[in-house]
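[1] Return a 3D structure for these sequence lines:
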Amino acid sequence: MIMGIVVVEICDSNLINALDIEKIIESEYPEVAVLINDCLNFCGLCRLKPYALVNNQRVHGNTPEETLAKIRKAIEEELAIYQ
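    Okay, the predicted model is just below:
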């Protein structure tokens with residue numbers, strides 16, 4: 001069962017995996033569940049840009065670090081609903 005009120009999904013082949021996104025995000029945001037999937041069906045995107053889905057909304061940047069910053073921003077926006 002997924003415990004997070006925010007779900008971040010990442011493709012296993014994605015460039016963002018240069019960072020340990022799962023460990024980083026889950027340590028900063030206990031209410032977030034990070035799922036690593038074999039494929040998110042955005043064929044080709046994972047080879048072009050680092051990206052993730054935050055509650056089914058695509059977030060991407062030019063580098064893993066830029067994408068991580070955008071993921072954090074998207075998480076903050078999602079969590080603001082619950083505060």
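[2] among the helices and strands of the protein, which has the poorest mean pLDDT?
    Taking mean pLDDT, DSSP states H and E as the measure, the helix or strand of the chain with the lowest value is helix 45-48, at a mean of 72.
[3] For the helix or strand following that one, list the C-alpha coordinates in PDB.
    The C-terminal neighbour of helix 45-48 among helices and strands, as given by DSSP states H and E, is strand 51-54. The C-alpha atoms that make up strand 51-54 are tabulated as PDB, following Å, rounded to 0.1, in the frame of the first residue of the first chain:
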ATOM      1  CA  TYR A  51      11.800  13.900 -15.600                       C
ATOM      2  CA  ALA A  52       9.400  12.500 -13.100                       C
ATOM      3  CA  LEU A  53       5.700  12.400 -12.500                       C
ATOM      4  CA  VAL A  54       4.400  14.200  -9.400                       C
END
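[4] Each with direction, which strands does strand 51-54 pair with?
    Strands that pair with strand 51-54, judged by DSSP bridges, come out as strand 6-11 (antiparallel), strand 57-60 (antiparallel).
[5] which parts of it are buried?
    Judged by neighbour count (16 or more other Cβ atoms under 10 Å), strand 51-54 contains these buried residues: 51-54. C-beta: built from backbone N, CA, C; applies to glycine.
[6] Where does pLDDT dip in the protein?
    Low-confidence segments of the chain (pLDDT under 70): 1-4, 40-46, 83.
[7] Give me the angle between the top helix by length along it and strand 6-11.
    Ordering each helix of the chain by length in residues (DSSP state H) puts helix 64-80 first. In terms of direction (axes from the mean of the first three to the mean of the last three Cα atoms, to 10 degrees), helix 64-80 departs from strand 6-11 by 150 degrees.
[8] got the contact list for helix 64-80?
    Applying Cβ atoms under 8 Å, 6 or more residues apart in numbering, the external contacts of helix 64-80 come out as 5-6, 8, 15-19, 21, 24-25, 28-29, 31-32, 49-52, 54-55, 57, 59-61.
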